[in-house]
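>>> Quick check, what structure comes out for this input:
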Amino acid sequence: MIIDTRDFGRVEVDAGSVFAFPEGLYGFEKDRTMALFVRTYDDIPFLYLQSVTNTVPCFLVFEPVDLFPGFAPEVDADDLKALEATTSSELMFLLIANVPDSVEGLSLNVKSPIAINPKTKIGRQIILQNDDYSLRYQPFSAEEGRDA
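Numbers count the residues shown, from 1 in each chain. Below you'll find the predicted structure:
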């Protein structure tokens, strides 16, 4: 499948990497189909979640295991039901990154990750029940892993 993007032009994505988001994402409720793809820079792979129907939004996303040690999401029953899952272990989680001017300023939204059920191809942005998870976790700040 070929999709048009603002940042990468036309991109070919595998049909298995396309997910339905029945409610869209926060602030992008009209974008209901998203594709997950990899772009490599200097031999470093980066994940992007891109609208299939529009050139924006496109989010730089990270799997929590890469940048947030000990990620253990507490997902509520309504979110599990919407994702057609019985436990959070059935889901894949992605953290949306905000990259201002430098990598040191990069922050991750750990409190409201994107949850994807790889079996059903349904995705949803959720708000975790974990009280200690931040909207702006900075893994590369001078004080590594501090909340902004």
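
>>> The spatially most central residue of the chain: what's it in contact with?
Centroid check for the chain by Cα atoms, centre = their mean gives Leu94 as the closest residue, at 3.3 Å. Going by Cβ atoms under 8 Å, 6 or more residues apart in numbering, Leu94 touches 36, 47, 49, 61-63, 113-114, 116. Just so you know, the C-beta spots here come from the backbone N, C-alpha and C atoms, and that holds for glycine as well.

>>> Buried subset of those, written for PyMOL?
Only the buried entries of the contacts of Leu94 go into this PyMOL selection, using 16 or more other Cβ atoms under 10 Å:
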select buried, resi 36+47+49+61+62+113+114+116
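
>>> hmm, who's touching the top helix by length along the chain?
Longest helix of the chain, by residue count under DSSP state H: helix 77-82. Applying Cβ under 8 Å, 6+ apart, the external contacts of helix 77-82 come out as 22-23, 86-88, 115, 122, 124, 126.

>>> circling back to that earlier point, now the contacts of Leu94 in CSV, with distance to Val99, pLDDT and secondary structure?
Shown next, in CSV, are the contacts of Leu94 (distance: Cβ to Cβ, whole Å; pLDDT from 0 to 100; DSSP: H, G, I helix; E, B strand; the rest coil):
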residue, distance to Val99, pLDDT, secondary structure
Leu36, 18, 97, strand
Leu47, 13, 95, strand
Leu49, 14, 97, strand
Val61, 12, 96, strand
Phe62, 11, 94, strand
Glu63, 16, 94, coil
Pro113, 17, 97, strand
Ile114, 17, 98, strand
Ile116, 22, 98, strand
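
>>> ok, back up a step: dump the C-alpha coordinates for the longest helix of the chain into CSV.
Only the C-alpha atoms of helix 77-82 are listed here, as CSV (Å, rounded to 0.1, in the frame of the first residue of the first chain):
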residue,chain,number,x,y,z
ALA,A,77,-11.5,-2.4,31.4
ASP,A,78,-13.2,-0.1,28.9
ASP,A,79,-10.0,0.4,26.9
LEU,A,80,-9.3,-3.3,26.9
LYS,A,81,-12.8,-4.0,25.6
ALA,A,82,-12.5,-1.3,22.9
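
>>> now that helix, how far from the centre of its chain.
In terms of Cα atoms, centre = their mean, to the nearest Å, the centre of helix 77-82 is found 18 Å from the chain centre.
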